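> sequence and predicted structure below; questions after.
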Amino acid sequence: MTENISRGGLQFNHDREMPVDATVRIHVALKFPLRTITHLGRVRWTRPNGLGARCLVGVEFTETPPVDMLHWSHYIEHRLRDASAA
């Protein structure tokens, strides 16, 4: 489950710690627009989240196909508009 997102990375729950500086491939299923996008990223940090064996992982994007980045940026803008309207 994604906890926090930005144009440059995201934070998510994971069932185990991941090595800092590990390269990861992340697939994100967007509802708006309806599509799955792929980011390559680097783990920047991990920490316990207080939910038993789960931890939080922070990833910085290092490579995203241009069309996926365009959709990701639109998704972020949409989420920001929704949050400010609430």
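That came through, no problem.
> make it CA atoms for all contacts and neighbour counts henceforth
Fine.
> poorly predicted segments of this structure, please.
1-3, 53 (pLDDT under 70).
> partners of the residue nearest the centre of it in the sheet?
Nearest to the mean C-alpha position of the chain, by Cα atoms, centre = their mean, lies Leu10 at 3.1 Å. Beta bridges link Leu10 to Ile5, Val59, judged by DSSP bridges.
> pull the contacting residues for the closest residue to Thr23 other than its chain neighbours.
For Thr23, ignoring the flanking residues on the chain, the nearest one in space by Cα to Cα, 6 or more residues apart in numbering is Arg42 at 4.7 Å. Listed by Cα atoms under 8 Å, 6 or more residues apart in numbering, the contact set of Arg42 reads Val20, Asp21, Ala22, Thr23, Val24, Val59, Glu60, Phe61, Thr62.
> swap the cut-off to 10 Å and go again
With contact set as Cα atoms under 10 Å, 6 or more residues apart in numbering, Arg42 has these partners: 9, 19-25, 58-63.
> the helices in the protein, which residues?
Along the chain, the stretches classed as helices by DSSP state H are 66-85.
> list the neighbouring strands of the longest strand seen in it plus their orientation.
In terms of residue count, the longest strand belonging to the chain (DSSP state E) is strand 34-48. Sheet pairing of strand 34-48 (DSSP bridges) gives strand 23-31 (antiparallel), strand 55-63 (antiparallel).
> for Ala86, find the nearest of the ones you listed.
strand 23-31 (18.9 Å; Cα to Cα).
> thinking again about what came up before, the residue nearest to the centre of the chain against Thr62, yeah?
No: taking Cα atoms under 10 Å as the definition, Leu10 is not a contact partner of Thr62, at 11.8 Å.
> overlap of the contact sets of those two?
Taking Cα under 10 Å, 6+ apart as the contact rule, Leu10 and Thr62 both touch Gly41.
> ok now do the residue nearest to Trp72 when sequence neighbours are not counted, which residues does it touch?
Nearest non-adjacent residue to Trp72, counting by Cα to Cα, 6+ apart: Arg7, 7.2 Å away. For Arg7, the contact set (Cα under 10 Å, 6+ apart) comprises Glu60, Phe61, Met69, Leu70, Trp72, Ser73, His74, Tyr75, Ile76, Glu77.
> fine by me, thanks again.
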